[in-house]
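Colleague: I'll drop the sequence and a predicted model, then ask my questions.
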Amino acid sequence: GRVSVWNQIPCMSKTQPPSAQYQAWTRSGRYIYTHGGIDFMCVSPLEHRLPQLDEVWRFHMDTRKWDRLDIRKGIGIVTPGLRAGHSMFVFRNCLYVWGGSAGQSTGHDAKLYRLRMGTVSTNNTKPLAWEVVKLKSSMKPPPREEHAGILYKEKYYVTGG
């Protein structure tokens with residue numbers, strides 16, 4: 001039979017996302033995107049298992065370089081926030097985040113967040129902005145974390161969690 005072996009791909013970037021668990025990730029074209037998660041290497045015992053990251057990173061498979069997307073943040077700005085155990089997908093040049101846990105104080109979130117990618121480049125001067133998607137249907141899954149989701153024929157299916 002055929003044997004497969006995992007190989008570590010050398011990263012050519014000086015910067016890269018923190019080592020995280022429970023982050024969401026997805027692939028689109030020659031890029032892999034990741035958002036959120038928990039960096040267990042820098043949490044104190046009091047913060048154990050609280051989401052620590054609210055960043056979107058992009059890995060280019062050809063150049064093997066990471067870059068952090070410039071996204072608007074601040075008081076009153078919509079973002080998925082610190083989040084873990086969520087899912088993410090790309091549809092029509094937008095990045096979507098759904099579900100997960102925003103920590104013990106805020107619990108689970110059933111909002112669907114969209115980041116319009118446009119023409120993302122490392123030379124962007126204007127930061128991207130998250131927005132909450134208004135769903136057309138009143139039928140939607142209850143909030144959950146550590147679930148699986150897949151985009152199929154223009155619909156996003158969620159299971160588990």
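Modeller: Thanks, I have it.
Colleague: So for residue 22, what pLDDT did the model give?
Modeller: According to the prediction, residue 22 has pLDDT 89.
Colleague: Now residue 149: closest residue in space, sequence neighbours ignored.
Modeller: Spatial nearest neighbour of residue 149, excluding adjacent residues (CB to CB, 6 or more residues apart in numbering): residue 87 at 4.0 Å. C-beta coordinates here come from the backbone N, C-alpha and C atoms, glycine included.
Colleague: beta partners of the one you found?
Modeller: Taking DSSP bridges as the rule, residue 87 bridges to residue 98.
Colleague: can you pull out the strands in this protein?
Modeller: Ranges of strands in the chain, per DSSP state E, are 24-28, 31-35, 56-60, 65-68, 87-91, 94-98, 112-116, 130-132, 147-152, 155-160.
Colleague: then the fifth one to PDB, C-alphas only?
Modeller: Looking back up the chat, that one is strand 87-91. Extracted as PDB, the C-alpha positions of strand 87-91 are listed here (Å, rounded to 0.1, in the frame of the first residue of the first chain):
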ATOM      1  CA  SER A  87     -16.000  27.900  12.300                       C
ATOM      2  CA  MET A  88     -15.000  30.000   9.300                       C
ATOM      3  CA  PHE A  89     -15.600  29.800   5.500                       C
ATOM      4  CA  VAL A  90     -15.100  31.900   2.400                       C
ATOM      5  CA  PHE A  91     -18.000  32.700   0.000                       C
END
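Colleague: any idea how far residue 127 is from the residue lying closest to residue 129 once chain neighbours are set aside?
Modeller: Spatial nearest neighbour of residue 129, chain neighbours left out: residue 72 (4.7 Å); criterion: CB to CB, 6+ apart. Distance check for residue 72 against residue 127: by CB to CB, to the nearest Å, it reads 5 Å.
Colleague: With residue 135 instead?
Modeller: The gap separating residue 135 from residue 127 is 26 Å, by CB to CB.
Colleague: for residue 74, same thing?
Modeller: Per CB to CB, residue 74 is found 10 Å from residue 127.
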